[in-house]
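Participant: here is a sequence together with a model predicted from it:
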Amino acid sequence: MYKRGAAKPEYATAKIAVWWDMKCCPIPEGYDARLVRPSIEAAFNELGYSGPVSITGYGDQRQTPCHILRGLSSTGVAVAQIKSESTCSLMYSNMLEWRDHNPPPATMMLISDQWQDVFSWDLARLQQHTKYNLFLSYSTKSNIGSALEPCGKWTWTKLLATKRELVQDQKCCSRELSAMFYCKSCSYQGQSVEGFRKHLSTRKHAVREVTNRIHPELDYLTRTWAKDYPAKPEYATAQIAVWWDMMDCPIPEGYDARQVRPSLEAAFKKLGYSGPVSITAYGDHNKTPDYILRELSSTGVEVIYSRMFRNLSEWKDSNPPPATIMLISDAVEVMFSGALARLLQETKYNLFLAYSYRPYKMSVLLTSAEWLWESLLLAGVFFSSPYHHPLTFETNDATRRHVLGKCSERGESTKMFSCSVCICDCKSLEDLRTHLSSEDHAVLQERHYPEVIRMKYRCIKQCQKASFSNDDYRFSDMGFLSNS
């Protein structure tokens with residue numbers, strides 16, 4: 001049976017790098033510092049990892065007893081001097097530098113209580129982009145959900161106790177390595193505890209620790225990353241699945257709904273994507289005019305009565321990457337970004353976003369392209385047809401069959417109308433209308449998506465728009481709609 005975090009073949013013998021905040025996660029009183037490395041290695045061995053392990057401990061080492069420094073050094077643990085307020089900054093800088101020189105497959109481990117408040121945003125975005133394994137350890141467990149999805153977690157005390165009886169037997173025969181002591185502010189490197197201590201007590205060090213101060217704020221790497229990247233080879237011809245929330249991003253008045261598909265496909269083609277495109281329009285279609293639903297259906301757009309994301313988990317089970325997911329909604333950041341970021345870290349799907357107005361802050365979601373909804377609709381060429389006025393629109397059966405045939409060839413759904421609340425497929429728009437007006441639908445609708453939840457959703461959306469320009473406003477990841 002698969003064990004969470006168990007090593008996949010390509011990671012089993014790959015490098016493992018550990019960055020350890022010694023203030024957040026100190027060595028317990030009475031604990032032998034020489035057991036830190038073998039305890040960490042034993043925890044990884046239990047999961048099938050046997051690659052070389054590098055460990056660096058960060059902190060104000062003037063306060064670390066000499067016997068602990070010697071114990072760490074004797075087992076090959078490097079020790080870095082840094083003021084407490086700048087520990088996270090130096091750890092992250094070293095992590096990014098290590099990533100530059102060690103491409104995946106490789107494994108990273110972060111030992112810190114600051115993993116969520118300080119590291120998680122940028123790390124979650126990096127993990128959506130790359131294929132490193134990531135493990136966490138901390139002394140204080142957080143009860144708040146995070147967008148960061150590690151392969152595994154340990155509490156610090158549990159990690160140090162890993163197979164303690166086995167570790168004790170191995171202590172005497174562990175590798176006697178002389179690890180590096182270093183001070184970033186002074187560019188100092190040494191291999192003896194005495195020399196390191198002497199350096200930390202000098203006036204030269206005191207001056208340079210001020211003049212060469214390590215800024216405490218993290219330099220988030222992905223904050224400067226652009227959007228609208230050309231397609232990577234593995235995604236260029238892969239399928240593109242579009243989830244479209246018509247309540248957030250409706251069709252503008254006077255716009256021909258038959259242009260939606262060609263507009264999206266033109267925007268994708270501009271970035272180098274030519275794979276099959278499936279489009280599903282979600283919403284309360286009791287309020288969507290019939291002519292719009294018919295126009296969408298005529299171009300192979302599936303129409304589903306429900307909130308978005310209800311079918312996403314089912315879709316991913318039968319559509320492994322490489323593939324591209326596109327979400328057209330204003331609610332992605334406020335309602336689903338945490339859960340979606342975790343999914344993308346696990347699966348490495350490509351992601352597109354579209355929205356009716358610009359988000360007020362950069363998302364934890366790493367995207368390859370983003371658009372304003374109305375700008376996106378202008379990307380396509382006019383869908384030529386004799387039917388221009390909504391009141392005189394009639395479906396040409398032969399044309400519709402031809403379009404549906406093309407959609408089917410490209411792997412797109414031809415179930416044009418359905419209600420995912422009731423798990424009901426409808427053969428025609430008339431059947432859908434009849435179903436939505438039925439008592440059975442009303443009962444299931446209230447059970448799965450009660451009015452209190454709908455009111456919460458509307459309230460959150462109003463707050464989001466009202467706080468559009470407020471950089472200090474923060475939303476929590478609201479889990480109550482994650483399965484709606």
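Facilitator: Thanks, I have the structure now.
Participant: distance-wise, check Pro150 relative to Tyr220.
Facilitator: According to CB to CB, to the nearest Å, Pro150 and Tyr220 sit 19 Å apart. Glycine gets a C-beta too; all of them are placed from N, C-alpha and C.
Participant: more neighbours, those two?
Facilitator: Applying other CB atoms under 10 Å to Pro150 and Tyr220 shows that Pro150 carries more neighbours, namely 22 against 17.
Participant: tell me the secondary structure of the more buried one, please.
Facilitator: Under the three-state scheme (DSSP: H, G, I helix; E, B strand; the rest coil), Pro150 adopts coil.
Participant: what's the local residue count around Cys66?
Facilitator: Neighbour number of Cys66 under other CB under 10 Å is 12.
Participant: contacting residues around it?
Facilitator: Contacts for Cys66 (CB atoms under 8 Å, 6 or more residues apart in numbering) come out as 193, 197.
Participant: likewise for Met108?
Facilitator: Met108 neighbours (CB under 8 Å, 6+ apart): 16-19, 95, 98-99, 132-135.
Participant: closest to His67 among those?
Facilitator: Val18 (21.3 Å; CB to CB).
Participant: need the pLDDT of that closest one.
Facilitator: On the pLDDT scale, Val18 is placed at 99.
Participant: isn't there a helix covering it?
Facilitator: No. Assigned with three-state DSSP, Val18 falls outside any helix and is strand.
Participant: now do Ala369 against Asp228, distance only.
Facilitator: Taking CB to CB, one finds Ala369 at 5 Å from Asp228.
Participant: who has more neighbours, those two?
Facilitator: Applying other CB under 10 Å to Ala369 and Asp228 shows that Ala369 carries more neighbours, namely 22 against 13.
Participant: and that one, what's its pLDDT?
Facilitator: Reading off the model, Ala369 has pLDDT 96.
Participant: what's the answer for Ser174, then?
Facilitator: pLDDT, read off for Ser174, is 43.
Participant: kindly report the same for Val301.
Facilitator: 91.
Participant: quick one: contacts for it?
Facilitator: Residues in contact with Val301 (CB under 8 Å, 6+ apart) are 260-261, 279-281, 416.
Participant: these in strands, which ones?
Facilitator: 279-281 (DSSP state E).
Participant: most surrounded residue in these?
Facilitator: Top of these by neighbour number is Ala281, holding 26 neighbours under the definition other CB under 10 Å.
Participant: ok, that residue - contacts?
Facilitator: Taking CB under 8 Å, 6+ apart, one finds 244, 246, 296, 301-304 in contact with Ala281.
Participant: how about 10 Å then?
Facilitator: Counting by CB atoms under 10 Å, 6 or more residues apart in numbering, Ala281 makes contact with 242-246, 249, 251, 257, 260, 288, 292-293, 296-297, 301-305, 308, 328.
Participant: do you know the pLDDT at it?
Facilitator: pLDDT at Ala281 comes out at 90.
Participant: who does it bridge with?
Facilitator: Under the criterion DSSP bridges, Ala281 forms beta bridges with Trp244, Val303.
Participant: the helices in the stretch 301-450 of the chain, which residues?
Facilitator: 312-318, 337-347, 373-377, 397-409, 429-436, 439-448 (DSSP state H, counting those that start in this stretch).
Participant: lowest average pLDDT across the ones you listed?
Facilitator: helix 397-409 (a mean of 46).
Participant: what pairs with the residue lying closest to Lys141 once chain neighbours are set aside across the strands?
Facilitator: With sequence-adjacent residues excluded and distances taken as CB to CB, 6 or more residues apart in numbering, Lys141 is closest to Thr155, at 6.5 Å. Beta-bridge partners for Thr155, by DSSP bridges, are Tyr138.
Participant: which residues touch Thr155?
Facilitator: 25, 136-141, 161.
Participant: neighbour count and pLDDT added to these, as a markdown table?
Facilitator: Shown next, in a markdown table, are the contacts of Thr155 (neighbours: other CB atoms under 10 Å; pLDDT from 0 to 100):
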| residue | neighbour count | pLDDT |
| --- | --- | --- |
| Cys25 | 22 | 98 |
| Leu136 | 22 | 97 |
| Ser137 | 27 | 97 |
| Tyr138 | 21 | 97 |
| Ser139 | 16 | 95 |
| Thr140 | 9 | 86 |
| Lys141 | 8 | 76 |
| Ala161 | 17 | 92 |
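Participant: and Phe147, how many residues sit next to it?
Facilitator: Careful, residue 147 is Ala and not Phe. By the criterion of other CB under 10 Å, Ala147 has 24 neighbours.
Participant: repeat that for Met180.
Facilitator: 15.
Participant: sec struct for the residue nearest to it when sequence neighbours are not counted, please.
Facilitator: Counting by CB to CB, 6+ apart, Ala78 is the residue found nearest to Met180 once chain neighbours are left out, at 4.8 Å. Look at Ala78: counting by three-state DSSP, its state is strand.
Participant: hang on, isn't Ala78 packed against Ser54?
Facilitator: Yes. In this structure Ala78 lies within contact range of Ser54 using CB atoms under 10 Å: 7.3 Å.
Participant: and those two? Which one has more around it.
Facilitator: Using other CB under 10 Å, the more surrounded residue of Ala78 and Ser54 is Ala78, with 20 against 15.
Participant: for the more buried one, name its beta-bridge partners.
Facilitator: Under the criterion used (DSSP bridges), Ala78 bridges to Thr56.
Participant: list the contacts of it.
Facilitator: So Ala78 contacts 18, 20, 54-58, 72, 94, 177, 179-182, 189 (CB under 10 Å, 6+ apart).
Participant: pretty sure Leu351 sits against Leu366.
Facilitator: Yes. Using CB under 10 Å, Leu351 is in contact with Leu366, at 6.9 Å.
Participant: residues bridging contact with these two, i.e. touching both?
Facilitator: 128, 341, 344.
Participant: helix, strand, or coil at the first one?
Facilitator: Of the three states, Gln128 takes helix under three-state DSSP.
Participant: in contact with it, which residues?
Facilitator: For Gln128, the contacting residues are 147, 149, 222, 340-351, 364-367, by CB under 10 Å, 6+ apart.
Participant: do the last one as well
Facilitator: Residues near Leu344 by CB under 10 Å, 6+ apart: 124-125, 127-129, 147, 149, 321, 325, 350-351, 364-367.
Participant: and the residue most central in space within the chain, what is it in contact with?
Facilitator: Central residue of the chain (CA atoms, centre = their mean): Ala341, 2.3 Å from the mean position. By CB under 10 Å, 6+ apart, the contact list for Ala341 reads 120-121, 124-125, 127-128, 146-149, 351, 363-366, 477.
Participant: separation between the nearest residue to it once chain neighbours are set aside and Pro104?
Facilitator: Nearest residue to Ala341 in three dimensions, chain neighbours excluded: Ala147, at 4.0 Å (CB to CB, 6+ apart). Distance, Ala147 to Pro104, using CB to CB: 20 Å.
Participant: output the below-cut-off pLDDT ranges for the stretch 151-300 of the chain.
Facilitator: 163-179 (pLDDT under 70).
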